[in-house]
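J.: With the sequence up front, the predicted model follows.
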Amino acid sequence: MSELIGSIVILAGAFFLFSAGVGLLRMPDVFTRIQAGTKASTLGNILVLAGLGIYHPGWSLKLLIIAYFVLMTNPLSSHALSRAAHSIRTPMARTTVVDALRDENDASAAKGSS
Amino acid sequence: MQEDHGTTQRRPVGFPESLIVLWGFLFVVWLVINSSVEPPIVVTGALASLALAAIFVRRGDVWRIGLTPRKVFHFIAYTGVFLVELVKANIDMLRYVYSPRIDIRPGIVKVKMPLRSPIGRLALANSIALTPGSLVMNLQGDALFIHWLDVKTTDPDEATRMIIGPFEKHLGAVFG
């Protein structure tokens, strides 16, 4: 029984990981792609780990530590990637409505040069 | 670019208390990873985690976290809120990804960072990255720049309430 439940949870995690991949292909620009990749792959990873924990109850504490590690590091790498992409002025999607960070950087650069 | 993260105006927690908290935390992680209570392993883990905790607590006040029952309660409440928001974020994301035409209005908005301690800021930034349609881009002083998948408002106060609202209370109580 626990094998069946574990397998279903792992399958759900795999579905979220697949959706992350589809999101990477379908989203219009770098930042929205990073968003799709970060969120769906984090939940997918956690579900796969939870499924493994149901499958092998003896591993669950170690898997919990791995889950916390993923939760800590996955968003961090997405912050670093998106910040770097913004600093080198990667173009944003045409539907973008506002870019407060660019405005702020331009304002401080103008203040520094005058 | 100046790296002013505005972390100077907090009161640090006492040295022995935070040493014990960090030591206990590292020791528990060691025991879980080894999953054994043989005396040599326990002694090695205790010594190694004590040395690491002493180094980290002495080198700076980033790791000086006090521990009280109230903080533990708020941390558990925060975990619950966080899991709910994570599932909501993913359902949102599935809706965008599988819709026939992706209809979004992305943008970068500025919100106010309510927390002072570095670890609290890290936890809040990570939480924001995993909640519906938002991703932290940069942190300058007390201003947090967030990429929002579907911009609903550009007013900083309103955006702060909408994005940080669910976490602010619990994280503020834990990390300050």
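T.: Noted; the coordinates are in hand.
J.: How far does stretch A:81-97 sit from its chain's centre?
T.: Between the centre of stretch A:81-97 and the centre of its chain there are 16 Å (C-alpha atoms, centre = their mean, to the nearest Å).
J.: err, stretch B:124-131, not the other one
T.: Distance, stretch centre to chain centre, for stretch B:124-131: 8 Å (C-alpha atoms, centre = their mean).
J.: Now tell me what touches that stretch from outside.
T.: A:38-39, A:42, A:71-72, A:75-76, A:78-79, B:82, B:85-86, B:88-89, B:113, B:115, B:134-136, B:139, B:144, B:146, B:163-164, B:166-168, B:171 (C-beta atoms under 8 Å, 6 or more residues apart in numbering or on different chains). The C-beta positions use only the backbone N, C-alpha and C, and glycine is treated the same way.
J.: Can you tell me, leaving aside adjacent residues, what's nearest to residue A:2?
T.: Of all residues not flanking residue A:2 in the chain, residue A:54 sits nearest, at 5.6 Å (C-beta to C-beta, 6 or more residues apart in numbering or on different chains).
J.: ok, the one you found - how many residues close by?
T.: 19 (other C-beta atoms under 10 Å in any protein chain shown).
J.: which helices and strands sit right next to the one helix or strand it maps to?
T.: Using DSSP states H and E, the element containing residue A:54 is helix A:30-55. If you count contacts as 3 or more C-beta pairs under 8 Å, 6 or more residues apart in numbering or on different chains; DSSP states H and E, helix A:30-55 packs onto helix A:2-26, helix A:60-87, helix B:69-98, strand B:134-140.
J.: so how far is the third one off the chain centroid?
T.: Put simply, helix B:69-98 sits 13 Å off its chain's centre (C-alpha atoms, centre = their mean).
J.: and the next element down the chain from it?
T.: Helices and strands here follow DSSP H and E; after helix B:69-98, the next one along the chain is strand B:107-112.
J.: how big is the angle separating that following strand from helix A:30-55?
T.: Here strand B:107-112 runs at an angle of 70 degrees relative to helix A:30-55 (axes from the mean of the first three to the mean of the last three C-alpha atoms, to 10 degrees).
J.: follow-up on the earlier one: got a ChimeraX select line for the buried ones in the contacts of stretch B:124-131?
T.: A single ChimeraX command selects the buried members of the contacts of stretch B:124-131 (16 or more other C-beta atoms under 10 Å in any protein chain shown):
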select /A:38,39,42,71,75,78,79 /B:82,85,86,89,113,115,134,135,136,139,144,146,163,164,166,167,171
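J.: what's the angle from the helix holding residue A:54 to helix A:2-26?
T.: 170 degrees.
J.: and the angle from helix A:30-55 to helix B:69-98?
T.: Using the same axes, to 10 degrees: helix A:30-55 against helix B:69-98 is 120 degrees.
J.: Name the nearest residue to the most centrally placed residue in chain B, sequence neighbours excluded.
T.: What sits nearest the mean C-alpha location of chain B, by C-alpha atoms, centre = their mean, is residue B:123, with 0.6 Å. With sequence-adjacent residues excluded and distances taken as C-beta to C-beta, 6+ apart, residue B:123 is closest to residue B:171, at 5.8 Å.
J.: A helix includes the one you found, no?
T.: Yes - counting by DSSP: H, G, I helix; E, B strand; the rest coil, residue B:171 falls inside a helix.
J.: Enumerate the residues of chain B near chain A.
T.: B:29, B:32-33, B:35, B:86-87, B:89-90, B:93-94, B:96-98, B:102, B:104-110, B:125-126, B:129-130, B:133-138, B:140, B:143, B:145, B:147, B:149, B:151, B:154 (C-beta under 8 Å from any C-beta of the partner chain).
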